[in-house]
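Colleague: need a structure here:
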Amino acid sequence: MKSVLITGANRSIGLETAKQLLERGLFVYLGSRSLEKGATAAQALKEKGLEHVQAIEIDVTNPASILSAKNIIEKEQGKLDILINNAGISGAYPQQAMDAPAEGIQEVFDTNFFGVIHVTQAFLELLKKSDSPRISNITSGLGSLTGHADPSWKYYQVKPVSYVCSKAALNAYTIVLAHELKDLPFKVNAIDPGYTATAFNQFSGPGTVESAASFIIKHTLTDEHAPTGKFYSNDIEDATEESPW
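Modeller: You can find the predicted model right below:
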């Protein structure tokens, strides 16, 4: 049975992704900063007959917490097949480049960018023991520099500096990491679940968590011939589903 760790999985898109992966027969480590909230979410899944789930405490901004989670999974599984870096924050609003406090921007980067790096580097050892390791970095269409430079883009006016810059940096990290792992059976991709109705955006998005999770899984559970180092978006309507960087 393949194992997957999803960070920030106690609610919203992360929780729905856990549910759908459980339905596909994977063992899911449901990552949550609060073990209590994670345990509550895991118990709700078990009550639906989805037994192969375990809450695990992981704060992506806390190296000790990350190491503890890694040690637990190593002891129980010996390896990890899939890492879904889903945890993220939007930061306080308004966010304007001219006057946003640098400390606020750094706080968003600590979770959305540096948190992903800390978690990924900690779990690489276990991922390398898998026959088909996958790393999916959950990003946003707002991380597209091409989009932000195009006045005709539908989200052109939406430019929260902390969030935009953190996701653009995450996309860049994804490209570099995928390149470094290209000679191993890794697939490393940035996946934008689309503008989804969640508490993250006061439920303003048109998409559903079910669609968002399904899209993440589509570009995570891939075969050995699948691309790596790509930026997929659920808001792109063409056949490739690739977003411009």
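
Colleague: for the residue nearest the centre of the chain, give its distance to Ser204.
Modeller: The residue lying closest to the centre of the chain (Cα atoms, centre = their mean) is Asn86, at 2.6 Å. When distance is defined by Cβ to Cβ, to the nearest Å, Asn86 is 20 Å away from Ser204. Every residue, glycine included, has its C-beta placed from N, CA and C.

Colleague: ok, Glu107 next?
Modeller: Applying Cβ to Cβ, the value for Glu107 to Ser204 is 23 Å.

Colleague: to the chain's geometric centre, what's the distance from the helix or strand harbouring Ile72?
Modeller: Ile72 is part of helix 63-77 when elements are defined by DSSP states H and E. Relative to its chain's centre, helix 63-77 lies at 18 Å (Cα atoms, centre = their mean, to the nearest Å).

Colleague: try stretch 15-32
Modeller: Relative to its chain's centre, stretch 15-32 lies at 13 Å (Cα atoms, centre = their mean).

Colleague: list the buried residues of it.
Modeller: 15-22, 26-32 (16 or more other Cβ atoms under 10 Å).

Colleague: what about the residues you listed, which are in helices?
Modeller: Counted as lying in helices by DSSP state H, out of the buried residues of stretch 15-32, are 15-22.

Colleague: output the longest helix belonging to this protein.
Modeller: helix 161-180.

Colleague: after that one, which helix or strand is next?
Modeller: Past helix 161-180, the next helix or strand by DSSP H and E is strand 187-192.

Colleague: packing partners of that next one?
Modeller: strand 134-138, helix 161-180, strand 231-233 (3 or more Cβ pairs under 8 Å, 6 or more residues apart in numbering; DSSP states H and E).

Colleague: among these, which is the most enclosed?
Modeller: For those, average neighbour numbers computed from mean count of other Cβ atoms under 10 Å are highest in strand 134-138, which has a mean of 26.
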